[in-house]
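Take this sequence and fold it.
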Amino acid sequence: MSDGRLGQVLHRIAADSRPARLAPDLWERGRRRRRIAVATAVVAVVAVLAAAPVVLPRVYADGYAPAGGGRPVVPARVYPPVTGQAGVVEHPPGPAALVVSGDRELRGSDIWNWEGRSLLVARDGRYRLARTVGEASAGVGDLLLSPDGRRLAAMPWLEGIDGLPTPADPGDPQGVTSVVDLSTGKNRTYPGGFPLAWSPDGRSLLLRPTTEDPRLGGLNLVDLATGRVRPLPRIEEQFRLGNLAAFSPDGSRLAVATVDALYVVETAGMTVRRIAALTPAERLAGPGAWSPDGTRLTMWTMGDCEDGTTCDERRLARRPIRPGWRDATTGAVVDGPRLPAARGLAARLLGWQGDGDAVVVEYQPEAGLTREPDNPRWSETDWWAVGSVTVTELRRDGSRHRLVDLPGSALFVDVPAGLLDSFGGPAPSRVEGALRWLLALWWPIGQFLLLVVVAVVVVSGLRRWRLRTRSR
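Now for the predicted structure:
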């Protein structure tokens, strides 16, 4: 066939063929599909990164050995929690190794979640959240772990707590405390005030009634098995909210420190004795203030900022907090172990290790904090005054050792008294830790970004719907 004839045939075929029907918005539809594919891929990657920290702890925890046998269980490193982490009441993790609360990713948000999001780490490494209505201060009254770590005492606004009891007087200002069994999630609420200290056997709680009176007044001792509340003798003196009281090792005595004096209460007969006058610089050391043999009480002496002048953040952060000892019977100053000084805004003695070293929580001041001499509401362990916290071992050889690496946003921490010889336990893998830190890095702007993503998705959906309506 010649070229001319072939061309005629092709032209005839082309004339008889139907033209392709192309939609007028074909190009725009292709661009939309490409944008949807990219957005889907981005959402999938973000979902994987967000879900990994929630799933990985459960997988990694299976390799942990059961607690006991002298094996360390308090983790050497703690990472921030993530949104969506299970709660301690709905998903009880078992006995706890520590609880930590603070700011930023530990504080939560009124937009998406409960405002307080304290992190509880179980002995097997699992992470759980203790969500509260407001900010929580672990260890200094809001969240307290029992000596064996099996129960958590909390103020009543903890997520998942059962209905509160109705007091005889609806205007009763004492307040209530909720106790959660961390193995079963069961909880019970007790009248008499907010949690202050656990007894060494974990059977009783010391409660502080809610009051605006600057004087201490009366404390209450509640038996957790029977619910019986026994009032302590009233002490009509001003007090500090920090290290207010400490049980003796056998639980038969209770040391109570006010601004001006040191008292010892016999819990059997509920009698009280004033054993010593205190200077403005002296503090009871903390819940572990009693020596293991019950003969001495550990006291802190603040090395600066107690002269009635204005004290800035730098002075508060550098001031030494020196340990001293008083006889638990006479109140006289006595000799004790030679330990290095703690430093910072405040210190809280958790207790003693078997070799005689002390486990201390040290608080550093918030950036820009200033102590004014005429501030009647000043508290060294107030949530708004503390800027960071560390768990430190003060050794008898004069050295110091950090026991746990906490998140930078941590402000308060509590460790069960029965686990003070169990530091250095397993921590999450570095892969999980990196993912948690990555998510924490975007807090709180991550909430704003999530709002933007939701807005973009909604606007894009509406726009697509309008285009389809117009084309029809």
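
Compute the distance between the residue nearest the centre of the chain and E135, please.
The chain has S101 as the residue nearest its centroid, 1.9 Å off, counting by C-alpha atoms, centre = their mean. Plainly put, S101 is 7 Å away from E135 if you go by C-beta to C-beta, to the nearest Å. For the C-beta atoms, the positions are set from N, CA and C on the backbone; glycine is no exception.

Tell me the residues that contact both of those two, please.
G116 (C-beta atoms under 8 Å, 6 or more residues apart in numbering).

picking that back up, now the residue nearest to the centre of the chain: phi and psi?
Per-residue torsions, S101: phi -130, psi 160 (degrees, to the nearest 10).

what's the helix or strand for the residue lying closest to it once chain neighbours are set aside?
If you skip the residues right next to it in sequence, S101 has S118 as its closest partner in space, 3.8 Å away by C-beta to C-beta, 6 or more residues apart in numbering. Per DSSP states H and E: S118 is located in strand 116-122.

How far off centre is that strand?
5 Å (C-alpha atoms, centre = their mean, to the nearest Å).

ok, now stretch 318-335?
The chain centre lies 30 Å from the centre of stretch 318-335; the measure is C-alpha atoms, centre = their mean.

Buried by neighbour count: which residues of that stretch qualify?
Neighbour-count burial for stretch 318-335, counted by 16 or more other C-beta atoms under 10 Å, picks out 319, 321-326, 328, 331.

So P323 sits against A341, correct?
Yes. Using C-beta atoms under 8 Å, P323 is in contact with A341, at 7.1 Å.

Which is the succeeding secondary structure element to the lowest-mean-pLDDT helix or strand in the chain?
The least trusted helix or strand in the chain, going by mean pLDDT, DSSP states H and E, turns out to be helix 26-61, with a mean of 60. Per DSSP H and E, helix 26-61 leads on to strand 74-75 as the next helix or strand towards the C-terminus.

Distance from that following strand to the middle of the chain?
Mean-position distance between strand 74-75 and its chain equals 15 Å (C-alpha atoms, centre = their mean).

Run through who's touching the strand holding S118.
By C-beta under 8 Å, 6+ apart, strand 116-122 touches 61, 75, 78, 80-81, 85, 88, 93-101, 105-108, 127-136, 138, 143, 152, 182.

In strands, which of those residues appear?
Mapping the contacts of strand 116-122 onto strands (DSSP state E) picks out 75, 96-101, 127-132, 143, 152.

out of those, which one sits closest to V458?
Set against V458, the nearest of the ones in strands among the contacts of strand 116-122 by C-beta to C-beta is R131 (28.1 Å).

Pairing partners for that closest one in the sheet, please.
In this entry, R131 is beta-bridged to R117, by DSSP bridges.

That one and E159 touch, don't they?
Yes. R131 is within contact range of E159, at 4.0 Å (criterion: C-beta under 8 Å).

So if I had to pick from the two, which one is more boxed in?
More crowded of R131 and E159, by other C-beta atoms under 10 Å: R131, with 21 against 18.

Which pLDDT value does the model give the more buried one?
R131 is assigned a predicted lDDT (pLDDT) of 84.

likewise the one 5 residues further on?
Note on A136: pLDDT of 78.

Quick check: it vs R5, distance?
From A136 to R5 the distance is 92 Å (C-beta to C-beta).

try Q238
The value you get for Q238 to R5, if C-beta to C-beta is used, is 116 Å.

And for W352?
109 Å.

Then S248?
Here the criterion is C-beta to C-beta. By it, S248 lies 116 Å from R5.

ok, these two, which is more surrounded?
For S248 versus R5, neighbours defined as other C-beta under 10 Å are more numerous around S248 (22 against 9).

Skipping its backbone neighbours, what lies nearest E380 in space?
Nearest one to E380, counting by C-beta to C-beta, 6+ apart, is A346 at 3.9 Å.

pretty sure that neighbour contacts T381?
Yes. Between A346 and T381 there is a contact under C-beta under 8 Å: 5.3 Å.

ok, these two, which is more surrounded?
Shown here are A346 and T381; by other C-beta under 10 Å, A346 has more neighbours (28 against 23).

how about that one, what does it touch?
Per C-beta under 8 Å, 6+ apart, neighbours of A346: 242, 283, 321, 362-363, 380-381, 386.

Of these, which is the most crowded?
Highest neighbour count within those: Y363, with 29 neighbours (other C-beta under 10 Å).

Can you tell me the strand partners of the strand or helix carrying that one and which way each runs?
Secondary structure from DSSP H and E places Y363 in strand 358-365. Here strand 358-365 has these sheet partners by DSSP bridges: strand 346-352 (antiparallel), strand 386-394 (antiparallel).

Find the one among these with the highest mean neighbour count.
Most buried of the strands paired with strand 358-365 by mean neighbour count (mean count of other C-beta atoms under 10 Å) is strand 346-352; its value is a mean of 25.

Doesn't R436 belong to a strand?
No. If the criterion is DSSP: H, G, I helix; E, B strand; the rest coil, then R436 is helix and not within a strand.

doesn't V78 make contact with it?
No. Taking contacts as C-beta under 8 Å, R436 lies outside contact range of V78: 9.8 Å.

Between the buried residues of stretch 318-335, which sits nearest V391?
Among the buried residues of stretch 318-335, and counting by C-beta to C-beta, the member closest to V391 is I321, at 15.0 Å.

what angle do the helix or strand hosting the closest one and strand 346-352 make?
For I321, the element it lies in under DSSP H and E is strand 320-327. Calculated by axes from the mean of the first three to the mean of the last three C-alpha atoms, to 10 degrees, strand 320-327 forms an angle of 50 degrees with strand 346-352.
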